[in-house]
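Chemist: Test case, fold it:
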Amino acid sequence: MASINILENLEQILYLLRAPNTLSEPKKRWLSAFVSIYYSRASLPKKNNAKIPPCPSFVSLDLNPDNSWNTDQSSLNKIDQTSLTKLVKEKNIEKLQIIGGVDGVASILETNVECGIHGNVEDIAHRLEAFGSNTYKRPPTKSFFHFVVEAFKDLTILILLGCAVLSLVFGIKENGIKEGWYDGGSIFVAIFLVIVVSTISNFRQNRQFDKLSKVSNNIQIEVVRAGRRQRISIFEIVVGDVIFLKIGDQVPADGLFLDGHSLQVDESSMTGESDHVEVNCSHPFLFSGTKVVDGYAQMLVTSVGMNTTWGEMMSSISRDINEQTPLQVRLNKLTSSIGKVGLAVAFLVLVVLLVRYFTGNTEDGNGNKEFNGSSTKVNDILNAVVGIVAAAVTIVVVAIPEGLPLAVTLTLAYSMKRMMADQAMVRKLSACETMGSATTICTDKTGTLTMNKMKVTKFWLGKESFVPATYSSIAPYFLKLLQEGVSLNTTGSVYKPASGSEIEFSGSPTEQAILSWVVLELSMEMEQLMQSCKILYVEAFNSQKKRSGVLIRRNADNTIHVHWKGAAEMILKMCSSYYDASGIMKDLDDGEKMKFEQIIQGMAASSLRCIAFAHKQVSEEDQEHDSKQKKMEEEGLTLLGLVGIKDPCRPGVKKAVEDCQNAGVNIKMITGDNVFTAKAIATECGILRFDQDMSGAVVEGVEFRNYTLEERMERVDKICVMARSSPFDKLLMVECLKQKGHVVAVTGDGTNDAPALKEADVGLSMGIQGTEVAKESSDIVILDDNFASVVTVLRWGRCVYNNIQKFIQFQLTVNVAALVINFVAAVSAGKVPLTAVQLLWVNLIMDTLGALALATEKPIEELMTKPPVGRIEPLITNIMWRNLLAQALYQIIVLLTLQFKGESIFGVTEKVNDTLIFNTFVICQVFNEFNARKLEKKNVFKGIHRNKLFLGIIAITIVLQVVMVEFLKKFADTERLNWGQWGVCIGIGIVSWPIGCIVKWIPVPHKPLLSYLRMK
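Modeler: Sure, this is the predicted structure:
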């Protein structure tokens, strides 16, 4: 009869197996026999109706070759991936039932639903060949040529190119190709260097973002292979894998629900619908890219990579690396303002030079008038006009500090790379600089301030504390109840290797601690307990209720029991009786409850996390009623016992907290633990001090929640610890702090932390314990979950901001000096002392090399002794204005003196004098680069020996300047200088050091300089 049914359904089964419909009758019979084997295996009655337990414990397995685990390459190749993908994508439950349901698909994919795939090298290779890898094609990365084209789109570059072409044409026409190409060719070379440097820096930044993107997408996921639960990269998942999903996970591939409880999935990333979808045996379809919002499950992978809808979608999306950080936006405004001033000056210079030329007030090198009315050749006029336009355009080029965006790019890229080495992965560029302004950090306790290596150190049965030596005296009946409560109410698992090596425990650190205690200390056999009961209903742990429960039916006597586990004071409220040390049940009245509360407080004061276990036998009628209501018994429970779990503070965390406090940053600890545990840990970490006024410093989440808005705003600054908090309380605190003007950084690891992470100015998620939802909501991922790494991020954030300020001061000194000198000289003398090529050269070495030297300074300890910058601090401070105006004024005075009196002072020709002006200008910038290293400190050389890059760039700049002056006379329009003249240039440059030191004695007002101008 079964064969007839299978033949009737053959066409539907062929849907999954790549076989043509037009088969001869004998071949069709052979194929139906092949399918019958799969179908009969899938439809065999199971020994019992129990579902596969959610987190099985495994004992040693006989891995001798047999049919269930012999991956046959030919049978895998017969499966049509397209049909399998379509089955899940279309959520076709009917076709799924025809091929034997999820178990049928597992059989076809050669997967053991309890032990997973074999997972050896050959098996993985076969599956990769048959179904592909769990990677998707990315859009091609932008080529080097793309960035070359982008660089050419700059308007000033295009104008200069036009000037260079005209200069080249008229120069060759006037002086022949041998001599006439110098001016135009020089501008071409200078433009070429500017474009090459700009292109290389942008191209390298793009490549770095690609690398970061690969790292951030490399999610770790739990699978079971050969009966062993293990963590692997999302990219290593293959079709047929059995994956464990929990709250906060991103579903890594398309697949089918095997087993689990209360699984709800957010499919908004795929469908746009915000409602959560319940996934179970009747609706088993799971899609890559969706998020688990509740419950836990095991899934069977059916499609990976480009065969999933998510893969198709992601292959067409490229990461946007053109995001503008707040600092870049402010710098663009600054650049725009300076550019407008530069344009105005350039236009005035252009008008003055053109008027002087056409009125006959300019002379050539021989003292003859350049313009003699109608007798002047058209070529000469055009040549002169092109030269004047080129000079004016070059002033614009120098005036616009395009080095500022480059400096931001360099310092952000450099700091991102170094932060990666310091265990912090930046997901959003803006977070680097914002973190430098942080005034408050709200941190979790577990895993961030503590090591997240938990161990059960206390066990209370009734009102007596037991130690391992006395465990043997515990009543067997009670011991069975406790073991039952632990083994069935857990998301962890136990793996016993066949080799007899150490037992492996998986799950959260709390689950691992409890499981290892019960298995190793109380001799629990998890596998036997799992098989002796059937799970009826599960309430998964969540951070609001702080408990989890399981409803079970014992196979031996068919009785129904409920087990609860969770925060000790929460579970205690649900109990009306307790077991004493002899295993006898006693009433739990208010007096007894108070004694248990004191026990809990005592453990909490010793920095222990307190977990309680409770139990109740449920009647059949109550169970049926609760099943309809989708809930379990929560009252009249019997307290089984209390355990205290020690999670020691991380080494170095006290120093890190102290560093933050010295830097003017407030640390607030927000935890789900009770008040006493929270206070003990906060004191140990240095967040609370013994001499501190404790009134209002420690609150519970519910208390903070119930304050009025005015009370919250009034008290939020004083709060140091918030205990028994929910994610909503954390969000509420972040909102209050932001309203009070704080720049807030928040650490979080759970799915429910996502709103607070998004609301914060900087969201910091945990790389080890953090869920994928938390990571996606954050700006920076702390890879080692350590608070000390959060402090490192703060230090780097301040360093980024400080480096940008250093470069702005340096850059604006160059811009102000160059603009004033050229403008005054053009108006008074009718010519600019710095030619187009020379100004482009200054632009190149000061913008690019200067940015590289100052933007890559490492963080110094001084940064952590200053108060935070905050939100409204101006980018150019009064201290910077004082420093840059002093240096610019000195350079203007010296260079204008050389312009008008240099020939007579030094007894040199006009050409040598112009070279002296150019060389002095560059040397002054080299010495001023040292001044820019420290904005406030008088000793600008401190720590310079550690910055090899800075010293290297200074050396390169000097060498290039010597080459420019001494060997590229025609290119740079310079004359060679003798030793004495070089000494004069260096002497003038070195004076900028004492000037820089002296002006730092001048006090500056706290009120920003520009605010006075606005008032007027």
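Chemist: quick one: the strands in the stretch 601-750 of the chain?
Modeler: Along the stretch 601-750 of the chain, counting by DSSP state E, counting those that start in this stretch, strands occupy 608-618, 637-646, 666-670, 698-700, 721-723, 744-748.
Chemist: Tell me which of those strands sits most buried.
Modeler: Per residue and on average, the most neighbours among the strands of the stretch 601-750 of the chain fall to strand 744-748, with a mean of 29 (mean count of other Cβ atoms under 10 Å). In this view, the C-beta of every residue, glycine as well, is placed from N, C-alpha and C.
Chemist: and that one, which strands flank it?
Modeler: strand 440-443 (parallel), strand 762-766 (parallel) (DSSP bridges).
Chemist: That strand: what's the following helix or strand?
Modeler: Next in sequence after strand 744-748, counting helices and strands by DSSP states H and E, comes helix 754-759.
Chemist: Reformat the strands paired with strand 744-748 as TSV; add distance to Val194.
Modeler: Shown next, in TSV, are the strands paired with strand 744-748 (distance: least, Cβ to Cβ, whole Å):
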stretch	distance to Val194
strand 440-443	42
strand 762-766	35
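Chemist: Return the most buried member of these.
Modeler: By mean count of other Cβ under 10 Å, the strands paired with strand 744-748 have strand 762-766 as the most buried, with a mean of 28.
Chemist: Distance from the one helix or strand Asn928 maps to to the middle of the chain?
Modeler: According to DSSP H and E, Asn928 maps onto helix 910-932. Here the centre of helix 910-932 is set off from its chain's centre by 43 Å, with Cα atoms, centre = their mean, to the nearest Å.
Chemist: so what secondary structure elements neighbour that helix?
Modeler: helix 787-829, helix 836-843, helix 850-855, helix 878-906, helix 948-966, helix 979-990, helix 992-999 (3 or more Cβ pairs under 8 Å, 6 or more residues apart in numbering; DSSP states H and E).
Chemist: can you tell which of the strands of the stretch 601-750 of the chain is closest to Val781?
Modeler: strand 744-748 (10.7 Å; Cβ to Cβ).
Chemist: Quick one: mean pLDDT over the closest one.
Modeler: The average pLDDT within strand 744-748 is 89.
Chemist: export it as PDB, just CAs?
Modeler: What follows is strand 744-748, C-alpha atoms only, in PDB (Å, rounded to 0.1, in the frame of the first residue of the first chain):
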ATOM      1  CA  VAL A 744      26.700  59.200  26.700                       C
ATOM      2  CA  ALA A 745      28.400  55.900  25.800                       C
ATOM      3  CA  VAL A 746      26.600  52.700  26.700                       C
ATOM      4  CA  THR A 747      27.800  49.100  26.800                       C
ATOM      5  CA  GLY A 748      25.300  46.300  26.100                       C
END
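Chemist: List the contacts of it.
Modeler: Residues external to strand 744-748 that are found in contact with it (Cβ atoms under 8 Å, 6 or more residues apart in numbering): 435, 438-444, 448, 730, 734, 737-738, 753-754, 756-757, 759-766, 770, 774, 777-778, 782, 787, 790, 794.
Chemist: mind redoing it with 7 Å?
Modeler: With contacts defined as Cβ atoms under 7 Å, 6 or more residues apart in numbering, strand 744-748 is touched by 435, 438, 440-444, 448, 734, 737-738, 756-757, 760-766, 774, 790.
Chemist: again with stretch 595-608
Modeler: 457-458, 460, 463, 568-569, 572, 610, 642, 644-646, 674, 676-677, 680-681, 684.
Chemist: quick one: contacts for Ile988?
Modeler: By Cβ under 7 Å, 6+ apart, the residues touching Ile988 are Val894, Thr920, Cys924.
Chemist: what's the angle between the helix holding Asn928 and helix 787-829?
Modeler: In terms of direction (axes from the mean of the first three to the mean of the last three Cα atoms, to 10 degrees), helix 910-932 departs from helix 787-829 by 160 degrees.
Chemist: tell me the mean pLDDT for helix 910-932?
Modeler: 90.
Chemist: in that helix, what's buried?
Modeler: 912-932 (16 or more other Cβ atoms under 10 Å).
Chemist: Between helix 992-999 and that helix, find me the angle.
Modeler: Using the same axes, to 10 degrees: helix 910-932 against helix 992-999 is 50 degrees.
Chemist: between the strands of the stretch 601-750 of the chain, which one is nearest to Asp254?
Modeler: Minimum separation from Asp254 across these (Cβ to Cβ) falls at strand 744-748, 28.8 Å.
Chemist: Since that was my last question, I'll sign off now.
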